[in-house]
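Student: Give me the fold of what follows.
(chains A and B)
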Amino acid sequence: MRGSRLKTREKQAWKWSTTWPLHLMLLPGIVIVLVFCYLPMFGLVMAFQDFQPHLGFFRSEWIGLENFRLMFEYPDARQVIWNTFLIASLKIIAHLIVPFVFALLLNEVRKIMLKRVIQTFVYLPHFLSWVILGGILLDMLSTDGGLVNQLLGLFGLEPVFFLGDGTWFRITVIVSDVWKDFGFSTIIFLAALAGVNPEMYEAAVIDGANRWRQVLSITIPTMIPIAVVVATLSLGNILNAGFDQIFNLYNPLVYEKGDIIDTYVYRVGLIGGDFGFGTAVGVFKSIVSLVLITISYRLAYKLAGYRIF
Amino acid sequence: MHYRSTSYRIFSIVNGIFLSLLALLCILPLVHVLAVSLSSSTAADANLVKLWPIGFTTDAYKVTLGNDRFMSSFGISVLRTVLGTGLSLLLSILVGYALSKEINEFKGRDMYAWFFVFTMLFSGGLIPTYIVVQKMGLINSIWALVLPGAMSVYNTILLMNFFRTAVPKALEEAAFIDGAGHFRALRSIYLPISLPSLATISLFTMVGHWNAWFDGLIYITDAAKYPMSTLLQTIVVQRDLSSMSVSADEIQALSNRTVKTAQIFIATLPIILVYPFLQRFFVKGIVLGSVKE
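Tutor: As a prediction, the model looks like this:
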């Protein structure tokens, strides 16, 4: 009797009469995603065409992999791919090390008030846009009397052309990106540290471990699994060097060393009107990213049991 | 005990000073901008201003707030933030609720889930998306800024996980036995329980809309309809004043360093105002469940 009732309930759950509201709830989301995410994917055919806007998708000439061949032959396109990879990798490494060390040090601050104030300040830049920060940096880094160059002057140093010299531009991009987000990235480590059982430290003290020993044997091992997840998941971002930031900081002087795939697609593809070529570069990036994200999620699951849902 | 050893005490002090300096470094640029915006133009242009205004005056703010173009873009940003956040939240709640059901309750759940998750992994990219928005006739419409990003899969997954873990199954079953449907259960049980999570998501979405500038730059061709972040991008970053239909005198006034910093500060102000609430929520939201007293 009980078994049969369960069965009917299970059957009911499959029935349209009970699940139709769920389908209905999904409908608006599906429509938006279909139109603005899936529909553009059909536009990817442009990558294989000599796309002319007035001819459209159907009458533009098919040129096979020509756009992709150009991409690997154009010296500037190759440079752009290299820039993207280099800047993104350096950012990923910096974003792993700095928050890790910062979380370790912050964990040693015993005065709760001081800790809160520090946290409040370091999280803030994360919420400011690169337009605002770009405006601030352009002002502070300028060679004619920007605050930073004035400061360098106090130490008798020559003014540095931070945003006009390729190498300095890259350094500025990485440092300012770390500056913006190191605080926020720390949260995940602090959350892990908050979960450590205090008895572990007490036991260590009884065993005669000093604070340094405790950090080595308890604090750091607690953070390692999270660090592994962060590291593997960031692998998928190896071609995301930060469009917003670069776009708001760069200028023609540093295109050679500062241009990344996303800014290049915008300039050559959208502004320059070379839709087919721009799309091909975009497709290249999307496919590489898809492969890397898939690998990184698998790795994160294997190494640390991480799953999205 | 070991906290009292001399070497640890020295470390503590050095560490505290170092981290405090680091924290100050995170807000000093903003303080500098505020100081410049409140200084006289002569002092600002001579690069005399550091962290405290010199020749205090609020003229830069008067010029900025008196500029119709700037104020209307402020209004557009507010409208966009309200519309965008509302719509985004609604979609995330509906989809998140439906996807929070187990596969044996809701056939097709996994298929739907992958339909959404795939868009996180692969996208059409900038140019095809632009063409779609253009073909739909959304250029120069506020909907071009709201609709394309309205469905945030990331937020939806967050909510879905929250619904799954925070809402007691027994409560829901009781409601169903009392004759409630899915819509009723969502409204009367799921939403009230999920308020902290909803607050976190809406605040993040609000900040996202307020800060968004790139879509304004490509989808809005009539500069009179720019949201504020886009307008700011063109004036402050690109140094292009053509989007401001103003006289030569006004251009002179607007390109002034003090006025630019005033604009930057006005754009930052709403964020600084919601920031204390935001911080309370997100730290709780993320640390929740992992804290042991």
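
Student: In chain A, what helix or strand scores lowest on average pLDDT?
Tutor: Counting by mean pLDDT, DSSP states H and E, chain A has its least confident helix or strand at helix A:2-14, which shows a mean of 51.

Student: cool, chain B as well?
Tutor: Each helix and strand of chain B was given a mean pLDDT (mean pLDDT, DSSP H and E); the minimum falls on helix B:248-254 at a mean of 59.

Student: now the strands for chain B?
Tutor: According to DSSP state E, chain B carries no segments that qualify as strands.

Student: Break it into its domains for me.
Tutor: Structural domains assigned to chain B are B:1-56, B:59-290, following the TED database.

Student: Using TSV, please lay out the ones you listed together with distance to A:Lys180 and mean neighbour count.
Tutor: Where C-beta positions appear, they are placed from N, C-alpha and C, glycine not excepted. Written out in TSV, the entries for these read as follows (distance: least, C-beta to C-beta, whole Å; neighbours: other C-beta atoms under 10 Å in any protein chain shown):
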stretch	distance to A:Lys180	mean neighbour count
domain B:1-56	9	16
domain B:59-290	12	18
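
Student: Distance to A:Gly145 added to those, as a markdown table?
Tutor: Supplementary listing: the domains of chain B in a markdown table, determined by distance: least, C-beta to C-beta, whole Å:
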| stretch | distance to A:Gly145 |
| --- | --- |
| domain B:1-56 | 3 |
| domain B:59-290 | 10 |
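
Student: ok, the closest residue to B:Leu203 other than its chain neighbours - contacts?
Tutor: Spatial nearest neighbour of B:Leu203, excluding adjacent residues (C-beta to C-beta, 6 or more residues apart in numbering or on different chains): B:Leu278 at 4.7 Å. Residues near B:Leu278 by C-beta atoms under 8 Å, 6 or more residues apart in numbering or on different chains: A:127, B:203-204, B:207.

Student: now, which of those residues sits nearest A:Val291?
Tutor: Sorting the contacts of B:Leu278 by distance to A:Val291 puts B:Phe204 at the head of the list, at 28.8 Å, by C-beta to C-beta.

Student: Contact partners for that closest one?
Tutor: The neighbours of B:Phe204, taking C-beta under 8 Å, 6+ apart as the test, are B:155, B:278, B:282.

Student: what would the residues you listed look like in TSV with distance to B:Ile76?
Tutor: Written out in TSV, the entries for those read as follows (distance: C-beta to C-beta, whole Å):
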residue	distance to B:Ile76
B:Asn155	23
B:Leu278	22
B:Phe282	27
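
Student: What's the local residue count around A:Pro40?
Tutor: Counted by other C-beta atoms under 10 Å in any protein chain shown, the residues lying close to A:Pro40 total 22.

Student: Touching, it and B:Phe122? I think so.
Tutor: No: distance between A:Pro40 and B:Phe122: 10.6 Å, which falls outside the contact criterion (C-beta atoms under 8 Å).

Student: about what we covered before: A:Phe58 is nearest to which of the domains of chain B?
Tutor: domain B:59-290 (13.6 Å).

Student: show me the contacts for the residue nearest the centre of chain A.
Tutor: Centroid-nearest residue in chain A: A:Asn237, 5.6 Å away (criterion: C-alpha atoms, centre = their mean). Listed by C-beta under 8 Å, 6+ apart, the contact partners of A:Asn237 are A:88, A:92, A:289.

Student: which residues in the stretch 101-250 of chain A form helices?
Tutor: Secondary structure of the stretch 101-250 of chain A (DSSP state H, counting those that start in this stretch): helices at A:112-123, A:130-140, A:147-154, A:166-194, A:198-206, A:211-214, A:220-234, A:243-249.

Student: Out of these, which gets nearest to B:Ser12?
Tutor: Relative to B:Ser12, the nearest member of the helices of the stretch 101-250 of chain A by C-beta to C-beta is helix A:211-214, separated by 9.4 Å.

Student: now for that closest one, which elements pack on it?
Tutor: The helices and strands touching helix A:211-214, judged by 3 or more C-beta pairs under 8 Å, 6 or more residues apart in numbering or on different chains; DSSP states H and E, are helix A:198-206.

Student: buried residues in the helix it packs on?
Tutor: Neighbour-count burial for helix A:198-206, with 16 or more other C-beta atoms under 10 Å in any protein chain shown as criterion, is recorded at A:201, A:204-205.

Student: From those residues, pick the one nearest A:Ala300.
Tutor: Where the buried residues of helix A:198-206 are concerned, and distances follow C-beta to C-beta, A:Ala300 has its nearest neighbour in A:Tyr201, at 28.5 Å.

Student: For A:Glu61, give me the backbone phi and psi.
Tutor: In this entry, A:Glu61 is assigned phi and psi values of phi -80, psi 140 (degrees, to the nearest 10).

Student: Not counting sequence-adjacent ones, nearest residue to it?
Tutor: Skipping the residues right next to it in sequence, A:Glu61 comes nearest to A:Asp50 by C-beta to C-beta, 6+ apart, at 4.6 Å.

Student: Low-confidence stretches in chain B?
Tutor: In the prediction, chain B carries residues with pLDDT under 70 at positions B:1-4, B:240-255, B:283-293.

Student: ok, back up a step: ok, the contacts of B:Leu278 vs B:Gly16, which is closest?
Tutor: Each of these was checked against B:Gly16 using C-beta to C-beta; the closest is A:Phe127, at 25.2 Å.

Student: Please give me every residue in contact with the residue in the stretch 201-309 of chain A positioned nearest to chain B.
Tutor: For the stretch 201-309 of chain A, the nearest residue to chain B under the criterion C-beta to the nearest C-beta is A:Gly282, separated by 3.4 Å. Listed by C-beta under 8 Å, 6+ apart, the contact partners of A:Gly282 are A:47, A:261, A:265, A:269, B:125-128.

Student: before we move on, what about B:Thr57?
Tutor: With contacts taken as C-beta under 8 Å, 6+ apart, B:Thr57 has the following neighbours: B:38-40.

Student: separation between it and B:Val36?
Tutor: The spacing between B:Thr57 and B:Val36, counted by C-beta to C-beta, to the nearest Å, is 12 Å.

Student: what do the two both touch?
Tutor: None of the residues lies in contact with both B:Thr57 and B:Val36 under the rule C-beta under 8 Å, 6+ apart.

Student: taking the contacts of B:Leu278 one by one, which sit in helices?
Tutor: When DSSP state H is applied, the contacts of B:Leu278 are split such that B:203-204, B:207 fall in helices.

Student: wait, which of the residues you listed is closest to chain A?
Tutor: Within the ones in helices among the contacts of B:Leu278, distances to chain A taken as C-beta to the nearest C-beta reach their minimum at B:Val207, with 5.5 Å.

Student: tell me the contacts of that closest one?
Tutor: B:Val207 sits next to A:127, B:271, B:274, B:278 when contact means C-beta under 8 Å, 6+ apart.

Student: Include distance to A:Leu138 when you put the residues you listed into TSV, please.
Tutor: Written out in TSV, the entries for these read as follows (distance: C-beta to C-beta, whole Å):
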residue	distance to A:Leu138
A:Phe127	20
B:Ile271	19
B:Val274	26
B:Leu278	27
